[in-house]
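S.K.: Just the structure for this:
(2 chains)
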Amino acid sequence: MLTFIARRLASGVILLITISVVAFLLLYAGGGDIARRLLGEDASPATVAQKAHELGLDQPLIVQFGTWLSGAVRGDFGTSWFTSQPVSDAILSRLSVTLSLVFGATLLIAVVSVVLGVLAATRGGIVDTIVQVLSLIGTAIPGFLIALGLVLVFAINLGWFKPTGYVQFADSPAGWLGSITLPVIALSLGGIAGVTQQIRGSMLDSLRQDYVRTLRSRGISPRSVILKHVLRNAAGPALAVLGVHFVGLLGGAVIIEQMFAIPGMGQVAVTATSQGDIPLVMGLVLATAVLVVLLNLVVDLAQGWLNPKVRLS
Amino acid sequence: MIDPLAADLTDEIAAATQRSTRSLLRRLLRKPIAIASLSFLVLVVLVAIVGPLLAPHSPDTASAADVLGPITGAHPLGTDSAGRDVLSRLLFATRFSIAGAALALVVAAVIGVTGGLFAGYYGRWLEGTSAWIAGLIQALPGIVVLLAARAVLGPSMWTSMAIFGILLSPAFYRLVYSTVSAVRDELYVDAARVSGLSDARIITRHILTVVRGPALVQASFVTGVAIAIQAGLEFLGLGDLSIPTWGGMLNDGFASIYSDPLLMLWPSLAIGLTCVSLVLLANALRDTLERSGSRRSRRRERALVPPVIEPQPVLRHDGVSRFADGDVLLEIAGLAVGYGQDDGTVKTVVEDVSLTVHRGEVHGLIGESGSGKTQTAWSVLRLLPAGGRIVGGSIVFEGVDLATVSETRMNELRGARIAYVPQEPMSNLDATFTVGSQLVEPMRVKLGLNRRQATARALELLERVGIPNPPRTFRSYPHEISGGMAQRVLIAGAVSCDPDLLIADEPTTALDVTVQADVLDLLRGLQEERNMGMILVTHNFGVVADICDTVSVMRAGRIVETGGIDDLFARPQHPYTQSLFDAVLEDLPARPSGDDRSSSAPTRTPQEGAVR
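M.R.: Residues are numbered from 1 along each chain as shown, chains lettered A, B, ... in the order given. All right, here's what the predicted structure looks like:
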């Protein structure tokens, strides 16, 4: 089990290193052009050269990367070109907001998908058809479009929620819940559709397995066989799909945060992108990659816990 | 050197595949959903091509006088927040949005299909490398990568969509790779290779035809994703402001969400309907490719009409077993098992089966595969596969008709009174739970034992069934023990709650020859020790000879000959029974005669039976 964890951890670190190298090279390859874009077309070549020198953009790419990397391993990811705020501060101060969205959505996806998937697989008939249609809609229609609909109906017409804004949990737990309810729902619909389909499919596969009949022959009730044995066997593939959707949620959060005016990492990303604040963009890419690697590790551990055979491979 | 004949032949196969693709389109067009979504998509593409020519205004002419103007003759859909004509913008936006999605699709398809073809066809190091790159590309959320790219490359929808195409390429890569590596070793591809066709010709002629269908499905999905993400970016205001797009229009409408919510309607409809059509088309395509789509079997169950079953004569031997005077444990009379078909009819797989099992008696059920013996066994447990049900007759177990008893009562009987030993030991244990927990669970449910008592009893049982180190096996997972051990565990589980009737379905078939005899001995020993009745399903007369008291020979869903084992072995009458004997005699003896198993029963190997 320890070698299993160590191997997953090592592959995660390799992925992180690769992503930082590739991202850095692509982001900083522009060299002097970056300074030109920052200052605008009217700036004189001398000012541009001075700006490039100021930001270290005139050094060879490999040297720039070395500087960045030696800072990064010490936790220093540079400072924003525009606000002079350290990149790590800019990201960490917004991280909790984005994480509460993304984890909330992941939790909602997991719970709703298990309920719907199990119902669709075991009840069949009309229940199955309804679940199929719902997940088709959830798959097909882009999340932000559904979010627009939710805002129109529940925030603007019914007035149940505030259409925009974010309340810190520490300030008011109830207000916090109210402010993230619509965004979390909007964010999770696509994932619910995908994971429900997966659970339904792998439940149907598992239900056909021989051990189900044998368990039933021992007099274990169908409910207990389904919820304890079949669901556990079906959970592996579903968890893998949930992992893939988590990556999608990190991306979706950018759009959702913008729509609901939620001050998370997505907003930082949008601002940094529009301004061309490259150290901040680099930090955001890296932060996202770290989250993805951590999540993959958790998914792998959970797979190992669910299915003892995985621990061997 | 090319063998022209073989080349012709393989080309012919490829042509046949092409023809089937053409008929695929015809089958697809039989589905109303496919027609509807395809029509809508064709309409969208047409609008993208000719729409701008029909636009009444320029999409960019702003007019301060017309800001958020109403629907008028000049502006059929009104004007937006800059006073531009909404209809004209919609027509132009369709062109740009579709072109952007098409760009992403083409980039993704070219990279993904090429990579998949080469990695799948040539294998080796290409496989590992490209799989790793595909994983890397998918490690980050697309929108984050696109934002980063925009920070460097500036806002251009074309650049964004080309980059997004690269990000989407793993979808094609994975699909093509897995299809090709599966086809790579197909005989007809081998034949093409042996006949000297060049790799390029094999790939284009034979492998691409296989990949085409699934790739179309994927293309449909990918286009939907591209449209969604592009609209998302434009909606954020991070798109290309110089051209009208659906997402850009949505952004403009969102800004006026309170004053003019209708502005959001048109781009929303365009995005939503296009994406839904693409997914529906993809689903319809996939269904057509898989030729599946019958999910109706469950609904039909209630409508089953019991089929009319003609009784046929059964050859009965008078010399019954030594248990004939004892308690009758199970009496099956006229049992029929049927499966509902999609057309509403019932296909019977067991007809007019009648047999009796006395307490302490082992009743063999023998026949070739498909003869209905396992279906009969499952009927007694009322655990037929989905779609199957008892359509006639009765199964009386100690006065209760199992064919009609409530599911609750049946579940009480299962495990406690009637137990089951399956055929394939490994697949009948749940791989995700330890052996011990699978033994303990039924005992806690059925016998009301606490965990400690159940564990102690499970360890005793494991000891009894001949497991060398019970505590270790108790803690093991199924994949850590051998097939023979697993079957012993399953037998221990079956007898754990002291059942009166044991249903053993080919309990030794999946085992090594060396352990078959031991497992049979174990079953016979337990059966005698606990005086259980037993139905033993087998296709092997050697097994019947070993442990059965009576035997019924099944063929095509019916019992053709039945009786006490001594008499039936001495005088097999039905030609089918005789042919089964002939089959056994060819590779016997399964066991040496004169074994120590049971002193009261005479040794009954078929050879002896045949000469007696």
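S.K.: A:A147 is in contact with A:S188, isn't it?
M.R.: No: assessed by C-beta atoms under 8 Å, A:A147 is found out of contact with A:S188, at 10.7 Å. For every residue, glycine as well, the C-beta is placed using N, CA and C.
S.K.: Compare those two and say which is more crowded by neighbours.
M.R.: Neighbour tally, A:A147 and A:S188, criterion other C-beta atoms under 10 Å in any protein chain shown: the higher count belongs to A:S188, 28 against 21.
S.K.: hang on, the earlier thing: between A:A147 and A:S188, what contacts are shared?
M.R.: Common neighbours of A:A147 and A:S188, using C-beta atoms under 8 Å, 6 or more residues apart in numbering or on different chains, do not exist here.
S.K.: if I look at the nearest residue to A:I185 once chain neighbours are set aside, how far off is A:P183?
M.R.: Nearest non-adjacent residue to A:I185, counting by C-beta to C-beta, 6 or more residues apart in numbering or on different chains: A:L150, 6.4 Å away. Distance of A:L150 to A:P183, computed by C-beta to C-beta, to the nearest Å: 9 Å.
S.K.: right, and B:S169 touches B:I111 too?
M.R.: Yes: counting by C-beta under 8 Å, B:I111 is a contact partner of B:S169 at 4.0 Å.
S.K.: With neighbour numbers in mind, choose between those two.
M.R.: Legend: neighbour count by other C-beta under 10 Å for B:S169 and B:I111, higher for B:S169 (26 against 18).
S.K.: Any regions of chain B where pLDDT drops low?
M.R.: Low-confidence segments of chain B (pLDDT under 70): B:1-23, B:61-77, B:81-83, B:290-308, B:318-321, B:584-612.
S.K.: Show the residue spans covered by the strands in it.
M.R.: Ranges of strands in chain B, per DSSP state E, are B:315-316, B:328-340, B:346-358, B:362-366, B:388-397, B:400-401, B:418-421, B:501-505, B:533-538, B:550-555, B:558-564.
S.K.: Take these and lay them out in JSON lines including distance to B:D199 and mean neighbour count.
M.R.: Shown next, in JSON lines, are the strands of chain B (distance: least, C-beta to C-beta, whole Å; neighbours: other C-beta atoms under 10 Å in any protein chain shown):
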{"stretch": "strand B:315-316", "distance to B:D199": "63", "mean neighbour count": "15"}
{"stretch": "strand B:328-340", "distance to B:D199": "47", "mean neighbour count": "22"}
{"stretch": "strand B:346-358", "distance to B:D199": "47", "mean neighbour count": "21"}
{"stretch": "strand B:362-366", "distance to B:D199": "54", "mean neighbour count": "27"}
{"stretch": "strand B:388-397", "distance to B:D199": "49", "mean neighbour count": "20"}
{"stretch": "strand B:400-401", "distance to B:D199": "67", "mean neighbour count": "14"}
{"stretch": "strand B:418-421", "distance to B:D199": "53", "mean neighbour count": "28"}
{"stretch": "strand B:501-505", "distance to B:D199": "50", "mean neighbour count": "25"}
{"stretch": "strand B:533-538", "distance to B:D199": "51", "mean neighbour count": "27"}
{"stretch": "strand B:550-555", "distance to B:D199": "52", "mean neighbour count": "26"}
{"stretch": "strand B:558-564", "distance to B:D199": "56", "mean neighbour count": "23"}
